[in-house]
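Mind looking at a prediction? Sequence and model below.
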Amino acid sequence: MMKNLFVFFLVITSILQISSAKKCILSNEVRVHVSNDIPSNTVPLNLHCASAHDDLGNHTLMINQDFSWRFCDGCFWNTLFFCHFWWGPSQIAIDVYSSHWVAQESDDKYWAARSDGIYFSFFSDPKTFTRRFDWN
């Protein structure tokens, strides 16, 4: 009995050390970045991002400003984050992360608001962004 208790204690200690180093157990840490790439001399970009469990609040991004957050994907791969963007009279609400998306190249997701729409990339290099959504 004492030996089993000792082994249990070692396993729990190991798990806690791993979790404190990585933070995410059984899932990946995901990073989402949203930037305001709209030309200067316009109104700022406003956005509100949330998931079913985390409301990240309202944010106002000035030109070239970035808002980012990180989280652990759900153990059952059911995480969904959305953002609602407002830029002057234009607006759009989109999913910025879904654990159901297939063939994800990276744990980083980069979104950029530009004057002609919302762009996406797995990488921060502006040349890699592609337009995914038009403004409403």
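Everything's here; your move. Numbering: from 1, shown residues only.

Could you pull out the strands in this structure for me?
In the chain, the segments counted as strands under DSSP state E are 29-36, 45-51, 55-61, 66-72, 80-87, 90-98, 108-114, 117-121, 130-133.

Pull out the buried residues from the second one.
Okay, so that is strand 45-51. Across strand 45-51, burial judged by 16 or more other Cβ atoms under 10 Å covers 45, 46, 47, 49, 51. The way it works is simple: take the backbone N, C-alpha and C, and place the C-beta from them, glycine included.

List the contacts of the spatially most central residue of the chain.
Closest to where the C-alpha atoms of the chain average out (Cα atoms, centre = their mean) is residue 32, at 2.6 Å. Applying Cβ atoms under 8 Å, 6 or more residues apart in numbering to residue 32 gives the contacts 49, 68, 69, 70, 81, 96, 97, 108, 109, 111.

which residues touch the fourth one?
Think residue 70. Contacts of residue 70 by Cβ under 8 Å, 6+ apart are 29, 30, 31, 32.

Is the first one bridged to anything, and to what?
The partner list for residue 29 in beta bridges (DSSP bridges) reads residue 72.

quick one on the thing from earlier: for the contacts of residue 32, work out which two are farthest apart.
Across the contacts of residue 32, the longest distance by Cβ to Cβ is 15.7 Å; it joins 49 and 108.

remind me which residues of this structure are low pLDDT?
Within the chain, the ranges that satisfy pLDDT under 70 run 1-22, 75-76, 102-105.

Is it possible to get TSV of the strands of the chain that adds distance to residue 23?
Putting these into TSV (distance: least, Cβ to Cβ, whole Å) gives the following:
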stretch	distance to residue 23
strand 29-36	6
strand 45-51	17
strand 55-61	18
strand 66-72	7
strand 80-87	17
strand 90-98	17
strand 108-114	16
strand 117-121	24
strand 130-133	29
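
Single out the most deeply packed of the ones you listed.
strand 108-114 (a mean of 21; mean count of other Cβ atoms under 10 Å).

what angle do that one and strand 80-87 make?
Interaxial angle of strand 108-114 relative to strand 80-87 (axes from the mean of the first three to the mean of the last three Cα atoms, to 10 degrees): 20 degrees.

Name every strand pairing with strand 108-114 and say which way it goes.
strand 29-36 (parallel), strand 117-121 (antiparallel).
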